[in-house]
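>>> predicted coordinates and the sequence they were generated for:
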Amino acid sequence: MSKWTHVAGIIRIDHLPIAKISPPLTEEAAKAFLMENAPSGSEGGLTFYAAKTQVVTPSGFEALWGSLSFTGDLRDFDDAKKVEEWIKNFFQKLEASYRVIMRQAAISIDVEYGLCTVMTWNPRTDNWITIDVPLP
């Protein structure tokens with residue numbers, strides 16, 4: 001019997017209110033960052049989506065960049081920690097390359113016959129909160 005890991009996540013990204021010291025983040029660049037070293041199973045990997053829904057404040061500041069999402073069913077893959085590290089590394093690189101911050105994130109990693117790992121981003125402490133939930 002195959003073992004599957006089901007992954008779903010969404011990340012909200014905001015612009016930083018600093019001088020433009022880097023190129024603007026495009027949807028294509030965001031997806032390319034997500035796809036780099038992304039986990040995959042024996043029948044394929046994750047599906048990625050980037051939605052730039054730029055919001056400009058009355059003072060002209062571009063606040064919200066948009067969201068990134070990913071989902072997939074990874075066959076013959078059961079390493080939730082590898083998915084966690086991929087997410088953490090992805091955003092460190094994205095923040096270092098573009099003037100964006102992660103405002104919110106919610107990620108679920110469900111390893112069949114194992115744990116369901118839930119990750120959420122705490123912007124007040126700049127840390128991930130990770131909970132492992134045993135499933136029946």
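Received the coordinates, thanks.

>>> contacting residues around residue 37?
Residue 37 makes contact with 86, 89-90, according to C-beta atoms under 8 Å, 6 or more residues apart in numbering. All C-beta atoms are positioned from the backbone trio N, CA, C, and that covers glycine.

>>> apply 10 Å and report the result again.
By C-beta atoms under 10 Å, 6 or more residues apart in numbering, the residues touching residue 37 are 82, 85-86, 89-90, 93.

>>> now do the SS call for the residue nearest to residue 41 when sequence neighbours are not counted.
Take residue 41 and drop its neighbours on the chain: the residue closest to it by C-beta to C-beta, 6 or more residues apart in numbering is residue 74, 3.3 Å away. Put simply, residue 74 is strand when judged by DSSP: H, G, I helix; E, B strand; the rest coil.

>>> show me the strands in the chain, by range?
In the chain, the strands defined using DSSP state E lie at 4-15, 40-41, 44-45, 47-52, 64-75, 100-111, 115-122, 127-134.

>>> I figured residue 66 hits residue 24, correct?
No - between residue 66 and residue 24 there is no contact under C-beta atoms under 10 Å: 11.8 Å.

>>> hmm, back to that, which of the contacts of residue 37 are buried?
86, 90 (16 or more other C-beta atoms under 10 Å).

>>> now flag whichever of the contacts of residue 37 is closest to residue 13.
residue 90 (11.6 Å; C-beta to C-beta).

>>> surely that closest one touches residue 34?
Yes - Residue 90 lies in contact with residue 34 (C-beta under 10 Å); the separation is 6.1 Å.

>>> list residues touching both of the two?
11, 68, 70.

>>> between the residues you listed, which is nearest residue 121?
Nearest member of the shared contacts of residue 90 and residue 34 to residue 121, counting by C-beta to C-beta, is residue 11, at 7.6 Å.
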